[in-house]
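**Student:** Turn this into a model:
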Amino acid sequence: MKSLVVKRSVDIDGHKTSVSLEDAFWSDLKKIAHMQRATLSKVLTEIDNGRRQGNLSSAIRVFVFDQVRAH
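**Tutor:** Numbering: from 1, shown residues only. Below is the predicted model of the structure:
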């Protein structure tokens, strides 16, 4: 069975790393970046800089959830 979580390589503040996200979160994250007229890398950098604990993938999920809930 294929995993619903996909590992993706991303650039955060000039550094390559990877995050594991479900397609739905990835798709919404790209839409949010487009709506903010920002690059995906810029949005990811802001998420990374704002997280207090936990891993980046979880922080991205919370960010996307908060953005969707706010709109």
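**Student:** all helices of the chain, in order?
**Tutor:** Assigned by DSSP state H, the chain shows helices spanning 23-35, 40-50, 56-70.
**Student:** Out of the ones you listed, which gets nearest to T17?
**Tutor:** Among the helices of the chain, helix 56-70 comes nearest to T17, with 7.2 Å by Cβ to Cβ. To be clear about C-beta, it is placed using only N, CA and C from the backbone, and glycine gets the same treatment.
**Student:** could you say what helices and strands the closest one packs with?
**Tutor:** Secondary structure elements in contact with helix 56-70, counted by 3 or more Cβ pairs under 8 Å, 6 or more residues apart in numbering; DSSP states H and E, are strand 15-22, helix 23-35, helix 40-50.
**Student:** For R52, see how far away F63 is.
**Tutor:** Per Cβ to Cβ, to the nearest Å, F63 is found 13 Å from R52.
**Student:** These two - which one has more neighbours?
**Tutor:** For F63 and R52, the more surrounded residue by other Cβ atoms under 10 Å is F63, and the numbers stand at 20 against 5.
**Student:** give the contact list for the nearest residue to the more buried one once chain neighbours are set aside.
**Tutor:** Spatial nearest neighbour of F63, excluding adjacent residues (Cβ to Cβ, 6 or more residues apart in numbering): I47 at 5.0 Å. Counting by Cβ atoms under 8 Å, 6 or more residues apart in numbering, I47 makes contact with L56, A59, I60, F63.
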